[in-house]
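Visitor: Give the three-dimensional model of this entry:
(2 chains)
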Amino acid sequence: MGRCALKLYSKSAKAEDTNLTKRVLLLALLVTLLLLFMLSEQVQTLILSFLFPSEGRYTHSRKTILQMTGEHIMLTLLATALAATVGVLIGIAVTRKGGQDFQILILRLNAFIQTFPPSAVIILAYPVLGFGWKPALLALFLYSLFPILGNTVVGFQSVAPEIKESARGMGMTALQQLWIAEFPQAWPMILTGIRHSYILNLGTAAIAAVIGGGGLGTIIISGLALRNSALVLSGTIVISLLAFIGEQVFLLLSRFTRT
Amino acid sequence: MQSHHNHPVLTDTHSFLTVKNIAVNYGEIAALQDVTLSIPANRVTVLIGPSGCGKSTTLRCLNGLVKIDGGSITYEDEGIQDLSETDLRRSMGYAIQSVGLMPHLSVEENVDLVPRLLGWPKASRTERVEKLLKLVRLEPEIYSKKYPHELSGGEAQRIGFARALGADPPMLLMDEPFGAVDPLNREQLQDEFIRIQRQLKKTVVFVTHDLDEAIRLADYLVIMKDGKIVQADAPERILASPRGEFVERFLGPDRALQRLTLFTADRLMEKVLSGVEEKPALAPDESSNRTYWQVDAEGKPIAGYAWVGDKAIRRLIVNGTHTVQQYSSLKECVSKILNLGLPSAAVVCEEGRLCGEVRFETIQQISQG
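Guide: Residues are numbered from 1 along each chain as shown, chains lettered A, B, ... in the order given. Predicted structure coming up:
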């Protein structure tokens, strides 16, 4: 399978360069759109009033979009980074000789955790973690662990047995086997898992507002409460742009860390 | 040097790796029982036997990939269980059938792996990689930046071999390294292996299930069955006096032909009659059983001319198809001779130039002992 994937990658260098240029241009365009919308209330009002001419207001009363976006990104990135660290470490542990016995158990547990609705986690965590961003972070972390851990395990499992055999046979230590022989081959899969988690967290982070955790959920929930579609759309536009931007950044990252 | 269990050892060399009464169990099944073996230094030891006989397991015990359940393995007067596993393995190059090149590393990075693990300085590593690629006849400029998926099966095996030689280890462990390549390529790889081994004189332990390969490459042949050694000796001695029915059956009915794989063409190579003219100035003497070889301006053979009985015959030569190389076996020489109907086979050296011939008459003499 690895061989086949590599074959698919080996397009001509020229085609890759054109692709790369397109990617970078697309990314620049998306970032420009985001900045225009995020930084200027005039732009927000212009677009939203065009779509919803009858709404009374087009911006949030207390917070700017910029503030909410900042909180949203922080929460998303923090949860994704936490899930990536824990997910990859557990994934490595259960694909080692000593940890393999726990692999099925851990994967089942992982799938089980994925079935908790984040809103339920937030409510259950409230007595312990209180009000604010902390219960939201916990919910996002648990929810986004699944793709990363799953992909890490699959990534390490897809390393051909003869490669592990020759790595061992030439005298690599366990750590060298992991780092030199296996990790680079599992990395594309792991990165895909992290990308999925990021997208997942970006959408789910809107729920943080319910418990006072800030983020773009603030404006969306206000919009829902006030039956103001313009406010809902305003938050949604930014979240979508962040998702597209994230997708492009991850694709570029995988392009540059590909071995 | 002692001889255990009546297995004769090679007397012209010493041994720094000794296996004594080792046993390996896979659960209930005994994979190895009471295996005792002295690996002769600077020689090629070939382990052969039907599948499941324990040949690969024995090899993998030597570098600790398989743990022994009984007996001992001594490496330079120390039990291998007392040595650091990684140090032990880094002193034994390891090449396997599936090669196992790292797909994310280039050819040069693959060959460089063990020197890198050993922390050699960068400059000497670069030099080493270049030298090794040249040794396995792959042009460094073309190959060093390639990735494993861009290599053919034969090329990958060469790189695998170069990688095993990476840090210039005293020993090489090779587990059916040519098992997955087609017969033509396999023979070429064997030729290369013989050439390189004559130059480097490593202590090699080689596992195969191919009898021709075993007889060609072995200085010391170990025949195994059901986790035990049945006979171990120099291949010519095993061919001359196989011990027991199993070995006899294993060697097959054509032992006389098998003997021919023992020798390489260069052992019997003689000087040739050759020239650029189509026919010799002097007709070859009918009784001499020799061939006149017509060569081109670069000295490559074009045709062979000989007297067979009272008839003169002339055969066109396709270099490679109708010629043998220095390290080809006598069996191959016989095949070419029978194929063309000439009294001898042309031996070509570097760049396909004619450098000698092997006569059927001489082969007959040697096969009679």
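
Visitor: Tally up the residues packed near the nearest residue to B:Arg243 once chain neighbours are set aside, please.
Guide: Excluding the flanking residues, the one nearest B:Arg243 by C-beta to C-beta, 6 or more residues apart in numbering or on different chains is B:Gln231, at 4.5 Å. C-betas here are computed from N, CA, C, even on glycine. By other C-beta atoms under 10 Å in any protein chain shown, the residues close to B:Gln231 number 22.

Visitor: so who does B:Gln231 touch?
Guide: For B:Gln231, the contacting residues are B:His7, B:Val222, B:Ile223, B:Ile238, B:Pro242, B:Arg243, B:Gly244, B:Val247, by C-beta atoms under 8 Å, 6 or more residues apart in numbering or on different chains.

Visitor: buried stuff in the longest helix along chain B?
Guide: Assignment by DSSP state H gives helix B:183-200 as the longest helix of chain B. Buried residues in helix B:183-200, counted by 16 or more other C-beta atoms under 10 Å in any protein chain shown: B:185-197.

Visitor: Which positions in chain B make contact with chain A?
Guide: B:63, B:65, B:85-90, B:93-94, B:96, B:98-105, B:113-114, B:117, B:147, B:149-150, B:160, B:163-164, B:166, B:173 (C-beta under 8 Å from any C-beta of the partner chain).

Visitor: Spatially nearest residue to the residue nearest the centre of chain A (excluding sequence neighbours)?
Guide: Centre of chain A computed as the mean C-alpha position; nearest residue by C-alpha atoms, centre = their mean is A:Tyr198, 0.6 Å away. Closest residue in space to A:Tyr198, ignoring its immediate chain neighbours: A:Thr80 at 4.8 Å, by C-beta to C-beta, 6+ apart.

Visitor: My guess is the one you found contacts A:Ile199. True?
Guide: No - using C-beta atoms under 8 Å, A:Thr80 is not in contact with A:Ile199; the gap is 9.5 Å.

Visitor: got any ranges where chain B has weak pLDDT?
Guide: Within chain B, the segments meeting pLDDT under 70 span B:1-6, B:282-288, B:369.

Visitor: okay, now the domains of it?
Guide: B:15-263, B:266-277+B:287-367 (automatic domain parsing).

Visitor: what's the first-to-last distance across the longest one?
Guide: One end of domain B:15-263 sits 24 Å from the other (C-alpha to C-alpha, to the nearest Å).

Visitor: quick one on the thing from earlier: drop anything exposed from the residues of chain B next to chain A.
Guide: Among those, the ones that count as buried (16+ other C-beta under 10 Å) are B:63, B:65, B:86, B:88-90, B:93-94, B:96, B:98-105, B:113-114, B:117, B:147, B:149, B:160, B:163-164, B:166, B:173.

Visitor: quick one on the thing from earlier: looking at A:Thr80 and A:Ile199, which one has more neighbours?
Guide: Neighbour count, other C-beta under 10 Å: between A:Thr80 and A:Ile199, A:Thr80 has more, with 26 against 20.

Visitor: Report the contact partners of the more buried one.
Guide: Per C-beta under 8 Å, 6+ apart, neighbours of A:Thr80: A:Ser144, A:Ile194, A:Ser197, A:Tyr198, A:Asn201.

Visitor: Now it: which helix or strand?
Guide: In this assignment (DSSP states H and E), A:Thr80 forms part of helix A:65-93.

Visitor: wouldn't A:Tyr126 be in contact with A:Ile211 here?
Guide: Yes - counting by C-beta under 8 Å, A:Tyr126 touches A:Ile211, with 6.6 Å between them.

Visitor: what is in contact with these two at once?
Guide: Joint contacts of A:Tyr126 and A:Ile211 (C-beta under 8 Å, 6+ apart) are A:Pro135.

Visitor: For those two, indicate the residue with more neighbours.
Guide: With neighbours defined as other C-beta under 10 Å, A:Tyr126 and A:Ile211 compare such that A:Ile211 has more, 22 against 14.

Visitor: how far away is that one from chain B?
Guide: 44 Å (C-beta to the nearest C-beta, to the nearest Å).

Visitor: Wait, that residue touches A:Ala139, no?
Guide: No - the criterion here is C-beta under 8 Å, and A:Ile211 misses it with A:Ala139 at 9.2 Å.

Visitor: which residues are common contacts for these two?
Guide: In contact with both A:Ile211 and A:Ala139: A:Ile122, using C-beta under 8 Å, 6+ apart.

Visitor: hmm, who's touching stretch B:29-40?
Guide: Applying C-beta under 8 Å, 6+ apart, the contact partners of stretch B:29-40 are B:1-5, B:7, B:9-10, B:13-25, B:45, B:54, B:57-58, B:61-62, B:68, B:71, B:203, B:205, B:219-220, B:222, B:224, B:227-229, B:232.

Visitor: make it 7 Å
Guide: B:1, B:4-5, B:9-10, B:13, B:15, B:17-25, B:45, B:54, B:57-58, B:203, B:205, B:219-220, B:222, B:227-229, B:232 (C-beta atoms under 7 Å, 6 or more residues apart in numbering or on different chains).

Visitor: hey, where'd the helices end up in the stretch 201-350 of chain B?
Guide: Secondary structure of the stretch 201-350 of chain B (DSSP state H, counting those that start in this stretch): helices at B:211-217, B:235-240, B:244-251, B:255-260, B:265-268, B:330-340.
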